[in-house]
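1. would you be able to build a 3D model of this:
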Amino acid sequence: MNTQIKTSIYWLLLGVCFLTHTVFHIYGLFYGADIRLPDLTTNEVPLGVQAFNTVIFTLTFLMALLSLHLSGRGFRWVSLMWSALFLLLNLAHLAGAVFMEAFDLSQVCLLCFVPVVNVLLILTLWKSLKQKAS
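-> Numbers count the residues shown, from 1 in each chain. As a prediction, the model looks like this:
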């Protein structure tokens, strides 16, 4: 399969996983759980959370789109660095979900899957950079 398409699919899959993760968080509403964060009772989403969501969701989908149209070495390096940062974020979040939060099987399974996709993205990008450099 073409590297650009593979890369785009991996980015898209990460974005879908991030959305699924959010959906899993709100499932508690169906069972009467209070999902509000304890110290945030302003009824407004803080600007920092909005910025974080924009980076995580919008840029992930933007990378999927750009991966279909850009193939230059510079873009692949940016994509590799961005995916490496995401891997660190995903591993930290997985550790938090396993060791610090209430156990949720669906979240843990999803959060185990996300780093696998992330590593596949990194390997694909790394191979493409090594291949075209030769």
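2. which SSE is immediately downstream of the lowest-mean-pLDDT helix or strand in the chain?
-> Across the helices and strands of the chain, the lowest-confidence element by mean pLDDT, DSSP states H and E is helix 47-53, at a mean of 91. Using DSSP states H and E, the helix or strand that follows helix 47-53 towards the C-terminus is helix 59-69.
3. after that following helix, next one along is what?
-> Using DSSP H and E, the helix or strand that follows helix 59-69 in sequence is helix 73-99.
4. just the mean pLDDT for that next one, thanks.
-> Mean pLDDT, computed over helix 73-99, is 94.
5. and the helix or strand that it is followed by, what does it pack against?
-> Next along the chain after helix 73-99, taking DSSP H and E as the criterion, comes helix 105-133. On a contact count with 3 or more C-beta pairs under 8 Å, 6 or more residues apart in numbering; DSSP states H and E, helix 105-133 meets helix 3-26, helix 73-99. All C-beta atoms are positioned from the backbone trio N, CA, C, and that covers glycine.
6. so what's Met63 up against?
-> When contacts are counted by C-beta atoms under 8 Å, 6 or more residues apart in numbering, Met63 touches Trp11, Ser79, Trp82.
7. most neighbours among the residues you listed, which one is it?
-> Trp11 (27 neighbours; other C-beta atoms under 10 Å).
8. what sits closest to that one if chain neighbours are left out?
-> Excluding its sequence neighbours, the residue lying closest to Trp11 (C-beta to C-beta, 6 or more residues apart in numbering) is Ala64, at 3.8 Å.
9. do you know how far Leu105 is from Asp34?
-> To Asp34, Leu105 is 20 Å away according to C-beta to C-beta, to the nearest Å.
10. please read the previous query as pertaining to Phe113.
-> Distance of Phe113 to Asp34, computed by C-beta to C-beta: 28 Å.
11. next: Thr54.
-> Distance of Thr54 to Asp34, given as C-beta to C-beta: 26 Å.
12. with Leu62 instead?
-> For Leu62, the distance to Asp34 (C-beta to C-beta) stands at 34 Å.
13. of the two, which one has the most company?
-> Leu62 (12 against 8).
14. show me what contacts the residue most central in space within the chain?
-> Computing the C-alpha centroid of the chain and ranking residues by C-alpha atoms, centre = their mean puts Leu14 first, at 4.6 Å. Contact partners of Leu14, counting by C-beta under 8 Å, 6+ apart, are Thr60, Phe86, Val114, Val117, Asn118, Leu121.
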